[in-house]
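J.: This is a predicted model, with the sequence first.
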Amino acid sequence: MDVALVPRPRFLDVRSGTVTWRSPLRVAVEPEWRDVVESFARDVETSIGWTVEVVDEHRADLIVRRAGDCGDEEYRLAIDEVVTVDAASTAGVAYALTVLRQLGPNELWTNGATLETIALPRLFIEDGPRFAWRGVHLDVARHFFDVGDVCRVIDQLAAHRLNHLHLHLNDDQGWRVDVPRWPRLREVASTRRSSPFGHEVEGRDDEVPHGGCYSADDLEAIRQHAKRRFVTIVPEIDLPGHAQAAIAAYAELGNGDDPIEVWTRWGISEHVLNVEEAALAFAEEVVRYVASHFPDSPVHIGGDECPTTEWERSELAQAVMAEHGFRDERQLQGLFTERLTAALRADGHEVLAWDEVMDAEVDDDVVICAWRHSARGRLAAEAGHDVVMAPMQFLYFDWLNSESGDEPVALAPPPAVTTWEKVYRFSVIPPGLDEKLWHHVRGAQVQLWSEYIATREHLDYMAFPRTAVFAEVAWGTPESVDLFRPRLERHLARLSAMGVHYRALDAHE
Ligand code: TNX
């Protein structure tokens, strides 16, 4: 029996013959891992209607055991008369069970199918990821995605053994979290009057209001769902740049006197927070509030693309520069980085930021998300930071899928193209990085910026199959594009069963 696992396990030995399962499925599991098995049981029940019973080892079809020699996220899976899973962590168990689902029929990825039996290939797998951070970043600011959409993305991550979902929760065009002490963030900043129609450069507007804002209950629902899927949510509040929506709600946070609205164009707004104490205190308060909903998560403080034009013209900003003895306006951004980093650390969070924060003072225990180029990741690692690789040239999935003129409107014209083959050839370790510093590379994540992604279907189209391809790269087991392609094709059928509206592969040349 041929197996087509994505991502490919580190070691796989397929043996001859199959094992047949029927309902009820009998599972023996250590008490501490009952939750993981219950989550698997729910998937089996909703997909093919089977029941799962927890039983003693001697009656079990599937035994989940603790194995001291497995590392974090590692597992062994042996399919024989009895199926055994060995792991040392809940994540390891969850991955083994996900792989079991991939080994079964595609009905296991649907809703409401019926099946009498399941045939599993006899085999042995020993597996674990090369990189600890295997993520997807979703921009819910440019276009809002509701709790159901986000949970669906979490399920897609889990199906590919990806483990971080980074949520970009605010931008110039919208603020997406209700912060009760700052009600105008919900009342004003969460909705824009209009959005660009077609490509931004055409200068047209749709004149349709767009908005959305997560309540505390929404954030809790996302957290719970992610926990069940062993995905860590990484919330991001992006300041002091990308702050036009916040300034539209609270003009006193900005640098000018003219009223501004939530931005209705894409791009980089010049409206940034001012550098007075009240703006720093605002940033600290909202970031800590959002972070408090994800107590065990690392938190991203943004920090990208912060134009300094307003600070150059502002007497107050110039006074703050003089007070600190700064020579360059970009150093002002460091005041935010420093303040937010200290506050989040005190609350027990690890802190991440986009690579621009390195233009000013930044502690080397801030994890850098290198987006402008892989070389930014190399420089960050050389400066002693841990890094999450997110270079736009490979991992911005708002870029076109191909050069064909038939692609739906996307961020930029060719050469801003990222084919799945290019993703597969991406090296997580930045070129030129000394091997002694590889330990700084936590892993990588794809970016789904949503200026041109407004619906769930289009999100799927941009995300898949590239995210599945990426998952194998981040897991650390890519082979050649030619060897991978047939496996990917078989995986597409699984994506169809999941209801993913993926982009079809181009015909093989
Ligand atoms: C750059 S990457 C941005 C985003 C845009 C994206 C479009 C980064 C940290 N900032 O604001 O959405 O390019 O690809």
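T.: Thanks, I have it. Residues are numbered from 1 along each chain as shown.
J.: residues in contact with residue 5?
T.: Contacts here follow C-beta atoms under 8 Å, 6 or more residues apart in numbering; on that basis residue 5 touches 12, 99, 102-103, 487. C-betas here are computed from N, CA, C, even on glycine.
J.: so can I have a markdown table of these showing distance to the ligand?
T.: A markdown table is the format used below for these (distance: C-beta to the nearest ligand atom, whole Å):
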| residue | distance to the ligand |
| --- | --- |
| 12 | 36 |
| 99 | 33 |
| 102 | 31 |
| 103 | 37 |
| 487 | 29 |
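J.: Just name the closest of those to residue 435, please.
T.: Nearest to residue 435 among the contacts of residue 5 is residue 12, at 27.3 Å by C-beta to C-beta.
J.: Might you list the low-confidence residue ranges for the stretch 351-500 of the chain?
T.: Regions of the stretch 351-500 of the chain meeting the criterion pLDDT under 70 are absent.
J.: Let me see the ranges of the strands in it.
T.: 351-354, 367-370, 387-389, 441-448 (DSSP state E, counting those that start in this stretch).
J.: Check the stretch 151-300 of the chain too.
T.: 164-168, 170-171, 174-175, 191-192, 196-197, 204-205, 210-211, 232-236, 299-300.
J.: And those strands: which comes nearest residue 261?
T.: Nearest of the strands of the stretch 151-300 of the chain (C-beta to C-beta): strand 191-192, 7.5 Å.
J.: which residues are in contact with that closest one?
T.: With contact meaning C-beta under 8 Å, 6+ apart, strand 191-192 is reached by 173-174, 209-211, 245, 261-264.
J.: Run through the bridge partners of the residue nearest to residue 304 when sequence neighbours are not counted.
T.: Take residue 304 and drop its neighbours on the chain: the residue closest to it by C-beta to C-beta, 6 or more residues apart in numbering is residue 354, 3.7 Å away. Listed by DSSP bridges, the beta-bridge partners for residue 354 are residue 369.
J.: Please verify my assumption that residue 354 contacts residue 362.
T.: No. In this structure residue 354 lies outside contact range of residue 362 using C-beta atoms under 8 Å: 11.0 Å.
J.: picking that back up, just name the most buried of the strands of the stretch 151-300 of the chain.
T.: strand 174-175 (a mean of 29; mean count of other C-beta atoms under 10 Å).
J.: Run the chain-centre distance for stretch 146-164.
T.: Here stretch 146-164 is found 8 Å from its chain centre; the criterion is C-alpha atoms, centre = their mean, to the nearest Å.
J.: For residue 288, which residues are in contact?
T.: Contacts of residue 288 (C-beta under 8 Å, 6+ apart): 343-344, 347.
J.: For whichever residue of the stretch 51-200 of the chain sits closest to the ligand, grab phi and psi.
T.: Using C-beta to the nearest ligand atom, the single residue of the stretch 51-200 of the chain nearest to the ligand is residue 139, 6.1 Å away. Here is the backbone geometry of residue 139 (degrees, to the nearest 10): phi -90, psi 110.
J.: Now do it against residue 472, distance only.
T.: Distance of residue 139 to residue 472, computed by C-beta to C-beta, to the nearest Å: 24 Å.
J.: Close to the ligand: what parts of this protein are there?
T.: Residues of the chain lying near the ligand by C-beta under 6 Å from any ligand atom: 304-305, 354, 371, 396, 398, 411, 449, 451.
J.: Tell me where the stretch 251-400 of the chain has helices.
T.: Here the stretch 251-400 of the chain has its helices, by DSSP state H, counting those that start in this stretch, at 277-292, 309-313, 315-324, 330-346, 374-382, 392-395.
J.: Indicate which one of those helices is closest to residue 198.
T.: helix 392-395 (22.3 Å).
J.: Show me which parts of stretch 392-411 are buried, residue by residue.
T.: 392-401, 407, 410-411 (16 or more other C-beta atoms under 10 Å).
J.: Could you dump the residues you listed into CSV with distance to residue 144 added?
T.: CSV is the format used below for the buried residues of stretch 392-411 (distance: C-beta to C-beta, whole Å):
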residue, distance to residue 144
392, 23
393, 28
394, 27
395, 23
396, 20
397, 18
398, 16
399, 22
400, 23
401, 23
407, 24
410, 19
411, 18
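J.: hmm, back to that, find the one among the strands of the stretch 351-500 of the chain with the highest mean neighbour count.
T.: Sorting those by mean neighbours (by mean count of other C-beta under 10 Å), the first place falls to strand 387-389, with a mean of 30.
J.: mind checking how far it is from the chain centre?
T.: For strand 387-389, the distance to the chain centre is 13 Å (C-alpha atoms, centre = their mean).
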